[in-house]
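S.K.: Provided below for reference: sequence and predicted model.
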Amino acid sequence: MDERTLSRRDVLATGVGAMAAASLSPVLNANAAKGEPPMKDVTEFKIAVPQARLDYIHSRIKDAQWPDVPGGEPWQYGTSDAALKDLANYLVTKYDWRAREAAMNKHQHFKAKVDDYEIHFMYEKGSGSNPQPLIMTHGWPGSFVEFLKAIDMIAHPEKFGGNAEDAFTVICPSIPGFGFSSKPKKPISSRDVAVLWDKMMTQNLGYSSYVTQGGDYGSTISVWLGAEGKGCKAVHLNFLLGVGGPVVTDEDKAAMARWGEVYMKEGGYIHIQSTKPLTLSYAMTDSPLGVAAWIFEKMKTWSDTKNGDPWSTYTRDEVLDNIMVYLVTNTFGTASWMYTGGATPAPPVPPTPITKPTAVAHFPGELVFWPKSYAERQFKLIQWTDMPHGGHFAAMEQPELFSKDVLAFGKKLRSV
């Protein structure tokens with residue numbers, strides 16, 4: 001076995017386990033003095049990726065083998081070769097993980113022991129005299145970094161022209177198998193995650209009630225919380241997919257037809273991640289470039305961009321922040337298990353209608369979205385907003401629109 005093979009093995013061994021062990025320290029429940037309930041089985045966490053892991057990612061990007069590219073439009077057959085080469089060059093020459101890591105660590109981070117999991121979450125105590133607790137959940141291929149631009153707007157609205165009394169205390173967890181949370185031993189479903197979230201919010205963090213928010217898988221997790229979460233009092237969604245209700249109106253049928261069209265054109269990743277995720281993981285675990293290509297293509301395709309240009313919506317740093325969370329934690333494979341856990345043997349469907357007050361923010365860049373009439377039959381809908389801009393990664397793309405909608409919903413909840 002040559003020196004390079006040994007080096008790569010050593011680098012992989014220095015990943016998340018060493019990072020977490022070096023970062024955890026007891027929580028003294030200082031937040032209790034700020035009016036928050038004391039935390040139970042929660043430890044402080046600081047993101048501190050070993051340099052060896054960063055060096056490994058850089059070396060693999062620099063040494064990557066690039067595929068042949070078929071003729072046609074740049075994104076026609078997958079990730080644009082030119083766009084990915086530009087992003088890869090930026091990663092190894094200009095992107096500063098340490099600076100981005102420090103920005104992430106400006107917020108408090110914790111890990112909660114929930115059943116057999118260590119659940120990572122980013123935390124921001126809200127302003128005002130009585131901030132409502134809000135758990136905001138990412139999806140795939142997202143992460144907690146989706147909320148970095150929105151978290152202060154929601155927790156401290158007075159700093160952005162709003163009212164401090166409308167604030168939420170914001171909790172942004174990483175789904176098991178994603179980012180800095182521990183990895184499941186086998187695929188789990190949105191319903192399984194909702195059970196963990198409800199336990200964490202009510203038992204570990206001590207909230208008697210809370211609001212849930214989500215897009216993508218965060219949406220399905222939030223719907224399950226609305227249906228079964230003992231502490232969940234309300235639901236805010238920025239992604240509305242069918243939740244099992246009957247398709248009865250022409251609008252419903254049009255949405256279903258649209259879903260079929262999108263699935264045929266864009267759904268290859270769903271099929272492989274819900275059937276053979278391990279086979280894909282062998283390639284991705286050994287290829288940071290492959291992970292970057294897979295995630296970058298989704299971020300571009302699912303976002304509301306101008307003329308298909310991803311840099312009209314994101315900075316390169318923002319895209320790489322999300323990709324790097326997968327790379328530094330080596331979680332591309334376990335994150336894809338959410339599709340397997342939700343598909344086999346058959347996905348359970350939340351009982352509807354959901355009787356908790358619900359808000360839906362409709363961002364026009366979503367590839368698939370069910371109509372308001374459908375939402376009215378499936379939820380206790382008290383707020384529906386047709387947004388002028390934004391797509392699938394709403395909090396990251398349009399943090400002001402996203403945050404104002406969440407705050408408006410919270411204000412209504414105080415009077416319900």
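M.R.: In hand now; what should we look at?

S.K.: Off-centre distance for stretch 401-411?
M.R.: Mean C-alpha position of stretch 401-411 versus that of the full chain (CA atoms, centre = their mean, to the nearest Å) differs by 19 Å.

S.K.: Tell me the buried residues in that stretch?
M.R.: 401-410 (16 or more other CB atoms under 10 Å). Every residue, glycine included, has its C-beta placed from N, CA and C.

S.K.: could I get those as a markdown table with pLDDT?
M.R.: Compiled in a markdown table, these are given as follows (pLDDT from 0 to 100):
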| residue | pLDDT |
| --- | --- |
| 401 | 98 |
| 402 | 98 |
| 403 | 98 |
| 404 | 98 |
| 405 | 98 |
| 406 | 98 |
| 407 | 98 |
| 408 | 98 |
| 409 | 98 |
| 410 | 98 |
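
S.K.: Could you tell me which of the residues you listed are located in helices?
M.R.: 401-410 (DSSP state H).

S.K.: which residues does the most centrally placed residue in the chain contact?
M.R.: Computing the C-alpha centroid of the chain and ranking residues by CA atoms, centre = their mean puts residue 138 first, at 2.0 Å. Shown in contact with residue 138 (CB atoms under 8 Å, 6 or more residues apart in numbering): 144, 146-147, 172, 174-175, 178, 214-218.

S.K.: So which of these wins on neighbours?
M.R.: Among the contacts of residue 138, the one with the most neighbours (other CB atoms under 10 Å) is residue 175, at 31 neighbours.

S.K.: Make sure that residue is indeed in a helix.
M.R.: No: assignment of residue 175 by DSSP: H, G, I helix; E, B strand; the rest coil gives coil, placing it outside any helix.

S.K.: returning to what we had before: and which of the ones in helices among the buried residues of stretch 401-411 is nearest residue 118?
M.R.: Of all those, residue 118 sits closest to residue 406, with 27.2 Å by CB to CB.

S.K.: That closest one touches residue 236, doesn't it?
M.R.: Yes: Residue 406 lies in contact with residue 236 (CB atoms under 8 Å); the separation is 5.8 Å.

S.K.: so residue 334 makes contact with residue 177?
M.R.: Yes: with contacts counted by CB under 8 Å, residue 334 reaches residue 177, the gap being 3.5 Å.

S.K.: avg pLDDT for the helix or strand harbouring residue 212?
M.R.: With elements taken from DSSP states H and E, the one containing residue 212 is strand 210-214. For strand 210-214, the mean pLDDT works out to 98.

S.K.: Can you name the element that comes right after that strand?
M.R.: helix 217-228.

S.K.: Show the subsequent helix or strand relative to that following helix.
M.R.: Assignment by DSSP H and E places the next element after helix 217-228 at strand 232-237.

S.K.: what's that following strand packed up against?
M.R.: strand 210-214, helix 217-228, strand 354-362, helix 399-413 (3 or more CB pairs under 8 Å, 6 or more residues apart in numbering; DSSP states H and E).

S.K.: 10 Å - rerun?
M.R.: Applying 3 or more CB pairs under 10 Å, 6 or more residues apart in numbering; DSSP states H and E, we find strand 232-237 packed against strand 132-137, helix 190-199, strand 210-214, helix 217-228, strand 354-362, strand 379-386, helix 399-413.

S.K.: With distance to residue 51 added, can I get these in a markdown table?
M.R.: Shown next, in a markdown table, are these (distance: least, CB to CB, whole Å):
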| stretch | distance to residue 51 |
| --- | --- |
| strand 132-137 | 31 |
| helix 190-199 | 32 |
| strand 210-214 | 34 |
| helix 217-228 | 32 |
| strand 354-362 | 40 |
| strand 379-386 | 44 |
| helix 399-413 | 31 |
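
S.K.: ok, so what distance separates the residue nearest to residue 405 when sequence neighbours are not counted from residue 314?
M.R.: Take residue 405 and drop its neighbours on the chain: the residue closest to it by CB to CB, 6 or more residues apart in numbering is residue 361, 4.6 Å away. Distance, residue 361 to residue 314, by CB to CB, to the nearest Å: 19 Å.

S.K.: Show me where the stretch 251-400 of the chain has its helices.
M.R.: 268-275, 277-285, 288-301, 316-329, 332-341, 372-378, 394-397, 399-413 (DSSP state H, counting those that start in this stretch).

S.K.: If you compare the directions of the fifth one and helix 316-329, what angle comes out?
M.R.: When you say that, I think you mean helix 332-341. 90 degrees (axes from the mean of the first three to the mean of the last three CA atoms, to 10 degrees).

S.K.: do the longest one as well
M.R.: Helix 399-413 runs at 80 degrees relative to helix 316-329, counting by the same axes, to 10 degrees.

S.K.: Does anything pack onto helix 399-413? Which helices or strands?
M.R.: Partner elements for helix 399-413 (3+ CB pairs under 10 Å, 6+ apart): strand 132-137, helix 151-155, strand 168-173, strand 210-214, strand 232-237, strand 354-362, strand 379-386, helix 394-397.

S.K.: Out of these, flag the one nearest residue 45.
M.R.: Closest to residue 45 of the helices and strands packed on helix 399-413 is strand 168-173 (CB to CB; 11.7 Å).

S.K.: Let's have the buried residues of stretch 401-411 in JSON lines, adding distance to residue 262.
M.R.: JSON lines is the format used below for these (distance: CB to CB, whole Å):
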{"residue": "401", "distance to residue 262": "23"}
{"residue": "402", "distance to residue 262": "23"}
{"residue": "403", "distance to residue 262": "28"}
{"residue": "404", "distance to residue 262": "28"}
{"residue": "405", "distance to residue 262": "24"}
{"residue": "406", "distance to residue 262": "27"}
{"residue": "407", "distance to residue 262": "31"}
{"residue": "408", "distance to residue 262": "29"}
{"residue": "409", "distance to residue 262": "28"}
{"residue": "410", "distance to residue 262": "32"}
